[in-house]
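Novice: Got a predicted structure here, sequence first:
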Amino acid sequence: MYKITTNSALILMLTHLILIRLAVLTATANLPVPDKAGAQVKDLCGDARYTRFLVDKLVEDYNKALATVPALIKAANAYALSASNPASAAAQAAMQVLAEVQTMEANAAAQELAAAKPHYDLAINLLKQREGRLHAIIQSSYNQVTQTDGATISTGSVKGKASTVGCKATATLVPDQSKNCSLAREAEHAVKYGDVNLHEATQLQHVTEDSLKHQKITAKAFGSGAATSATTPSTNHHGFCVDGNNGTNLTRASAILGAEIAIESRAVNIKQTNLHASGAAGACTATKITQPWGEREADTLASTLCTIKQQKVAKRLPLHKQPLRNLEISVKIAEALNQVQSPGSSLTDDAKERKQSRQRKLM
């Protein structure tokens, strides 16, 4: 019978702990996460900056891929021209193969871009709409009300009530200076342009919809003493009427009519929305674009960005600018060479597998 010694028991315990740790690490690795910049979105300004920068990145990404297509077509034409005036039969075969494969690459790139464009356009429009909304809310977020130009309301009819007395003032909402925000890339902020990388993100971090609602304003009206005696506007407290005893704290006034307005500061909460329906890969989160105001839903934006990530618009290089190993392991080139050498025949599955195996090792 096997006897468990102290050392073997310790080894078993450590092995068990390691397996548990590996399971935790594996599960953690599959959890959705924002990219480096997205993880710093903690307020309205951070959300607006991330939104603006993501638009810039998407436009840049698509335009770079689009700019490679003319170069691919030009390279294909150059290879075909070289094949028409070869230095040798071998050179002619090589140029024909390169021209054929390069034409296929150019066509594939154009098709990829055409298929991806509607998704890029939708994402950019959704992001620009969100940025505009966030910018407007930042500019109209208030945390203070000032009351000026206090004056009495002459005895008369107010709201249909005859023989009324009272006072009035002009209320001005003061913007919350802590909400000031710059969308310039070089501005000092935790959300930085260089840290925005959609290909690293499997989750969006953003302010909640509740954070974007209208702020609440509370009006408080009060009186003390005989209303008909409070006929003098207070110079120290705009919006108040007193009986003439106008002190800085109104303690000497025996008749007061007053009104104060207070605004509830905007509370900002943060939420995460996953790009994928489950985990950090696979099917995209379902869009809500067809629902009322669905373009504002985080799920709609997440779904669109997920689709863009999965399409992976490639930035292709002409064949002569690629590393030699790329040409050596290319199945397309091998198939084209096979057609030149044995027209009508197909590349064997074994040969394809060898090429693909080498591709996987280099990835």
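Specialist: Yep, that arrived. Residues are numbered from 1 along each chain as shown.

Novice: tell me the domain ranges of the chain?
Specialist: Recorded structural domains for the chain (assignment: automatic domain parsing) are 54-139+313-362, 142-310.

Novice: do you know which of these lies nearest Gln40?
Specialist: Evaluated over those, closeness to Gln40 peaks at domain 142-310, with 3.9 Å, by Cβ to Cβ. For the C-beta atoms, the positions are set from N, CA and C on the backbone; glycine is no exception.

Novice: In the stretch 151-300 of the chain, what residue spans correspond to strands?
Specialist: 161-175, 203-207, 217-224, 232-233, 241-242, 256-263, 270-274 (DSSP state E, counting those that start in this stretch).

Novice: How far does the fourth one sit from its chain's centre?
Specialist: Per Cα atoms, centre = their mean, to the nearest Å, the displacement of strand 232-233 from the mean C-alpha position of its chain is 54 Å.

Novice: Can you list the low-confidence ranges for the protein?
Specialist: Applying pLDDT under 70 to the chain flags residues 1-29, 155, 327, 329, 331, 334, 336-363.

Novice: Could you report the separation of Gly194 from Lys309?
Specialist: In this view, Gly194 and Lys309 are 19 Å apart by Cβ to Cβ, to the nearest Å.

Novice: Those two - which one has more neighbours?
Specialist: Lys309 (18 against 9; other Cβ atoms under 10 Å).

Novice: Give the helix, strand or coil label for the most centrally placed residue in the chain.
Specialist: Nearest to the mean C-alpha position of the chain, by Cα atoms, centre = their mean, lies Thr51 at 4.6 Å. Following DSSP: H, G, I helix; E, B strand; the rest coil, Thr51 is assigned to helix.

Novice: wait, it sits on Arg130?
Specialist: Yes: using Cβ atoms under 8 Å, Thr51 is in contact with Arg130, at 5.2 Å.

Novice: picking up where we left off before, who touches the residue nearest to the centre of the chain in this structure?
Specialist: Leu127, Arg130, Glu131, Leu134 (Cβ atoms under 8 Å, 6 or more residues apart in numbering).

Novice: 6 Å - rerun?
Specialist: Leu127, Arg130, Glu131 (Cβ atoms under 6 Å, 6 or more residues apart in numbering).

Novice: partners of Glu260 in the sheet?
Specialist: Lys220 (DSSP bridges).

Novice: can you give me the helices in this structure?
Specialist: For the chain, applying DSSP state H gives helices covering 6-29, 44-84, 89-139, 298-311, 324-328, 331-341, 349-362.

Novice: what's around Thr146, how many residues?
Specialist: By other Cβ under 10 Å, the residues close to Thr146 number 12.

Novice: distance of the closest residue to Thr218 other than its chain neighbours from Asn236?
Specialist: In space, Thr218 comes closest to Ala262 once its chain neighbours are excluded; the distance is 4.9 Å by Cβ to Cβ, 6 or more residues apart in numbering. Going from Ala262 to Asn236 by Cβ to Cβ gives 19 Å.

Novice: what separates Ser154 from Ser229, distance-wise?
Specialist: 15 Å.

Novice: Settle it for me: which of these two has more neighbours?
Specialist: A count of neighbours by other Cβ under 10 Å puts Ser229 above the other of Ser154 and Ser229, at 17 against 10.

Novice: give me every residue that touches that one.
Specialist: Asp243, Ala255 are the contacts of Ser229 under Cβ under 6 Å, 6+ apart.

Novice: Which of the domains of the chain sits closest to Gly38?
Specialist: Closest approach to Gly38 among the domains of the chain (Cβ to Cβ): domain 142-310, 4.7 Å.

Novice: what about that closest one, distance to the chain center?
Specialist: On Cα atoms, centre = their mean, the centre of domain 142-310 falls 24 Å from the chain's centre.

Novice: end to end, how far does it reach?
Specialist: 41 Å (Cα to Cα, to the nearest Å).

Novice: quick one: buried residues of stretch 219-229?
Specialist: By 16 or more other Cβ atoms under 10 Å, the buried positions in stretch 219-229 come out as Ser229.

Novice: Just the CA trace of that stretch, in CSV.
Specialist: Output in CSV follows, covering the C-alpha atoms of stretch 219-229 (Å, rounded to 0.1, in the frame of the first residue of the first chain):
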residue,chain,number,x,y,z
ALA,A,219,-37.5,76.1,-5.4
LYS,A,220,-38.1,77.0,-1.8
ALA,A,221,-40.5,79.8,-0.9
PHE,A,222,-41.0,81.0,2.6
GLY,A,223,-42.5,83.9,4.6
SER,A,224,-42.4,85.3,8.1
GLY,A,225,-44.6,88.0,9.7
ALA,A,226,-47.2,90.1,7.8
ALA,A,227,-46.8,89.7,4.1
THR,A,228,-48.1,93.3,3.5
SER,A,229,-45.2,94.6,5.6
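
Novice: okay, now the residue lying closest to Pro318 once chain neighbours are set aside: neighbour count?
Specialist: Excluding its sequence neighbours, the residue lying closest to Pro318 (Cβ to Cβ, 6+ apart) is Ala75, at 3.6 Å. Per other Cβ under 10 Å, the neighbour tally for Ala75 reads 22.

Novice: do the same with Ile256
Specialist: 21.

Novice: I'd like the numbering to begin with 44 instead of 1 from here.
Specialist: In the new numbering, first residue 44, that becomes Ile299.
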